[in-house]
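Undergrad: next come a sequence and a model predicted from it.
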Amino acid sequence: MISLSVVTLAKGRPDHLVNVVRGLSMQTVMPSELIVAVMQEEEYRLPDAPFPIRQMRITGESLPLAAARNAAARAAVGEWLVFLDMDCIPTPTLIADYAGFLKAHDALLMGEVMYLPGGATAGDWSCDAFAAIAEKHSDRRGPPASGVERCQDYRCFWSLNFAMRRDTFLSVGGFDERYVGYGGEDTDFGKVVDRAGVAIAWIKGGLAYHQHHPHHMPPVHHLDSVVRNAELFEAKWGYRTMGHWLHAFRLMGLVDDTPGQPIRILRRPEAGDLALTGQQSHQPYANSARVLRLLEAEAARTAAPDRASVAVAA
């Protein structure tokens, strides 16, 4: 029997968490337990499962993601940890895949993620049905053709679906709990792991299907925490992270992120900003690259008359 705990963070979206439990209950190899770090007042009503489920209340600010992951990892009984977001339905071999790779590799291992459109879980609830309609995220690289492939850039780490040996996770100190709210804590953790000499790698397998939910990319709805966490990262490492989001915020007139100065929020997001960045019901995922292309094209059009005026004056 393997010794592996699954960790997920939960706030709202009870149907998504129920689907995670359903997916874990269909595994070819069962986990030792599921730990749910609950970031809301009430616990969840979850279906029975062939493994223990523990719900831990996490107190603190609205989204204490780093602290929640650390608390769940410390409480886990498994020698190995799989971190799976509550909107990710595991395929039947996810646990077996991770267990096989963790046995051979003391590394941070990143599994595959495919994205479902709205309504996908309301009909034929099966991974075969999901496979027929799921899409790969255009901004994320895919898995290797087979086995394990080491990642040379810690910035590629994404906490959506990953696994580590518990002792290794704790030895590097876990996530920095000063990061509160959305943004920055993943890149920080990737850098910490890389600095500790622990390999970051993609695996072929460990596939999960991401459930559709409304989202914004770039995350204008998390403007304050992105700014705060970018400045925390800079104070810690000497440079800012989330540069593509800050670039988009600057083009939208939301921030002034002049290098060497504190980031200033110039205005609050309005309806037009939310409409531009919002995920539509037919889209499996929100896409920062798409929005940036639109913003940069608009900035180029706006700048063109100014350049023409300068040329005439000259």
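TA: Great, that's in hand.

Undergrad: now the spatially most central residue of the chain: closest residue in space, sequence neighbours ignored.
TA: The residue lying closest to the centre of the chain (CA atoms, centre = their mean) is residue 160, at 4.1 Å. Leaving aside its chain neighbours, residue 160 sits nearest to residue 85 (5.0 Å; criterion: CB to CB, 6 or more residues apart in numbering). Just so you know, the C-beta spots here come from the backbone N, C-alpha and C atoms, and that holds for glycine as well.

Undergrad: neighbours around that neighbour, how many?
TA: Neighbours of residue 85 under the rule other CB atoms under 10 Å: 21.

Undergrad: what's the answer for the one 5 residues further on, then?
TA: Applying other CB under 10 Å, we find 28 residues neighbouring residue 90.

Undergrad: repeat that for residue 235.
TA: As a burial measure, residue 235 scores 10 neighbours (other CB under 10 Å).

Undergrad: end to end on stretch 163-175, go ahead and measure it.
TA: End-to-end span of stretch 163-175 (CA to CA, to the nearest Å): 14 Å.

Undergrad: what lies in contact with that stretch?
TA: 5, 65-67, 69-70, 73-74, 76, 78-83, 98, 101-102, 106-109, 111, 185, 188-189, 192-193, 196, 198, 206 (CB atoms under 8 Å, 6 or more residues apart in numbering).

Undergrad: buried members of these into ChimeraX, please.
TA: Buried members of these, defined by 16 or more other CB atoms under 10 Å, are picked up in ChimeraX with:
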select :5,65,66,67,69,70,73,76,78,80,81,82,83,98,101,102,107,108,109,111,185,188,189,192,193,198,206
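
Undergrad: restricted to helices, list the contacts of stretch 163-175.
TA: 65-67, 69-70, 73-74, 98, 101-102, 185, 188-189, 192-193 (DSSP state H).

Undergrad: between the residues you listed, which sits nearest residue 239?
TA: Nearest to residue 239 among these is residue 188, at 12.0 Å by CB to CB.

Undergrad: taking the ones in helices among the contacts of stretch 163-175 together, which two end up most distant?
TA: 67 and 101 (27.4 Å).
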